[in-house]
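Undergrad: Provided below for reference: sequence and predicted model.
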Amino acid sequence: MKVIEAQAAVLTNYEVLQHLTQQKERYKQRKRRGPPNLETVVRELIQYLQSYPNPLSQKPSTYAPDCISRLLERLSPYELSKGEVVMILNLRPASVAALNTVIEEMAERFSDEQQEEMVAIISEVLGQFDAAQGNANDTGDATEANAS
Amino acid sequence: MFILTKFADLVQISPEDFSKHSIVAIEDNINAKYANKVVQKIGLCISLFDVLWTSEGLIGHGTGLVNVNGTVTLLVSAAIQHAYMTIVEFRMIVFRPFKGEVMLGRIRSSTPSGIHLRTDFFDDIFVPYEELPQGAEYNHSEQIWIWNFDEERLFYDNHEMVRFQVIDEEWHDQTPVGPTQAEDTPAKTPYKIKGSMAAEGLGVCLWWDGA
């Protein structure tokens, strides 16, 4: 074994989940399984990525293949670091308080209005949990109507 | 949380896998070797991402090598059990959160020295007591940590979902070091993450999201 490049790229949770679900589909179609160690880690990882409050647990998914580039474009004026954007994509902070945990020295770098703007952009591009999401599956048409 | 790492490795495909397409056999072979395993200073390997390049397959007989083209069937039908080898360059999805990254985990257990966290696929995350917010105290009778905040008692209950920040990592190579190693020393975990829950917004998710 030789490591050619320790870190060739950074992946967001969404991209990882995409890859794993596609791989699962492919296996299913060909009616075959991967090695047991792969099956285990993939099952556990999908479970992790799809449990609340992970944003990928939301059904139907609010993430789409183009949401990463759209978010990058919308957040470009704020000059966030790559790591900060990756965390925003993975955690989808829904309030200024939550955004504060992923952005370093937020109070010094951004005004209160800018912080609010960023939270608004995040929920616009990546969506957000319905208010009732906390108590599980009762997100019916009523809440959707309220959201729009 | 995840990165892509580029590896090169020698893949040996045994005769019983000759019925598979080469790419499938290579994929299974790499996943069987890497998936759910820690590579030192790289991280926890999850799954093959893609194959970038493979060398021409070669069949070893004794120490010699035979080109794979057209030879595979011949060798199999002759029931000579030789694996075929190929060098593969590929990319792996690897779990390796960066320092400063905030991520989600669950409380596994608490001791006076701190809180053990886990995710569904990775168990070795530890938040030492000095990385808990001010006013946190350990309750010996219930064996949990409690955060006293504004006269309120907030509990770090087991199985609670928490947000934490990665502040450090620890690697322990598990390669045997030889007879000097005492036989009863417990194996150290190969990759351990040290976390912090001291900053505002970190800790049990319900405290921050619920209201």
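TA: Received it, and whenever you're ready, just let me know what you need. Numbering: from 1, shown residues only, chains lettered A, B, ... in the order given.

Undergrad: kindly format the C-alpha coordinates of whichever strand or helix holds residue A:74 as CSV.
TA: If you go by DSSP states H and E, residue A:74 is part of helix A:67-75. Taking Å, rounded to 0.1, in the frame of the first residue of the first chain, the C-alpha atoms of helix A:67-75 are listed here in CSV:
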residue,chain,number,x,y,z
CYS,A,67,-27.1,23.0,-4.1
ILE,A,68,-23.4,23.0,-3.3
SER,A,69,-22.5,25.3,-6.1
ARG,A,70,-25.5,27.5,-5.5
LEU,A,71,-24.6,27.9,-1.8
LEU,A,72,-21.0,28.7,-2.7
GLU,A,73,-22.1,31.4,-5.1
ARG,A,74,-24.5,32.9,-2.6
LEU,A,75,-22.1,32.9,0.3
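
Undergrad: packing partners of that helix?
TA: Helices and strands touching helix A:67-75, by 3 or more C-beta pairs under 8 Å, 6 or more residues apart in numbering or on different chains; DSSP states H and E, are helix A:13-29, helix A:82-91, helix A:112-126. Any C-beta I mention is one placed from the backbone N, CA and C, and that applies to glycine too.

Undergrad: just those: most buried one?
TA: Most buried of the helices and strands packed on helix A:67-75 by mean neighbour count (mean count of other C-beta atoms under 10 Å in any protein chain shown) is helix A:82-91; its value is a mean of 21.

Undergrad: count of neighbours near the closest residue to residue B:156 other than its chain neighbours?
TA: Using C-beta to C-beta, 6 or more residues apart in numbering or on different chains and skipping residues adjacent in sequence, the residue nearest residue B:156 is residue B:145, 4.2 Å away. Residues lying near residue B:145 (other C-beta atoms under 10 Å in any protein chain shown) number 24.

Undergrad: equivalent analysis for residue A:108, please.
TA: Residue A:108: 6 neighbours (other C-beta under 10 Å).

Undergrad: secondary structure element for it, which one?
TA: Counting by DSSP H and E, residue A:108 is part of helix A:106-109.

Undergrad: just the residues contacting that helix, thanks.
TA: With C-beta atoms under 8 Å, 6 or more residues apart in numbering or on different chains as the test, helix A:106-109 has contacts from A:99, A:100, A:103, A:115.

Undergrad: ok, the spatially most central residue of chain A - contacts?
TA: The centre of chain A sits closest to residue A:90, judged by C-alpha atoms, centre = their mean, with a distance of 3.6 Å. By C-beta under 8 Å, 6+ apart, the contact set of residue A:90 is A:12, A:13, A:14, A:55, B:1, B:103.

Undergrad: ok, the nearest residue to residue B:28 once chain neighbours are set aside - contacts?
TA: Among residues not flanking residue B:28 along the chain, residue A:35 sits closest, at 5.9 Å (C-beta to C-beta, 6+ apart). Contacts were defined as C-beta under 8 Å, 6+ apart; by that measure residue A:35 touches B:28, B:31, B:32, B:35.
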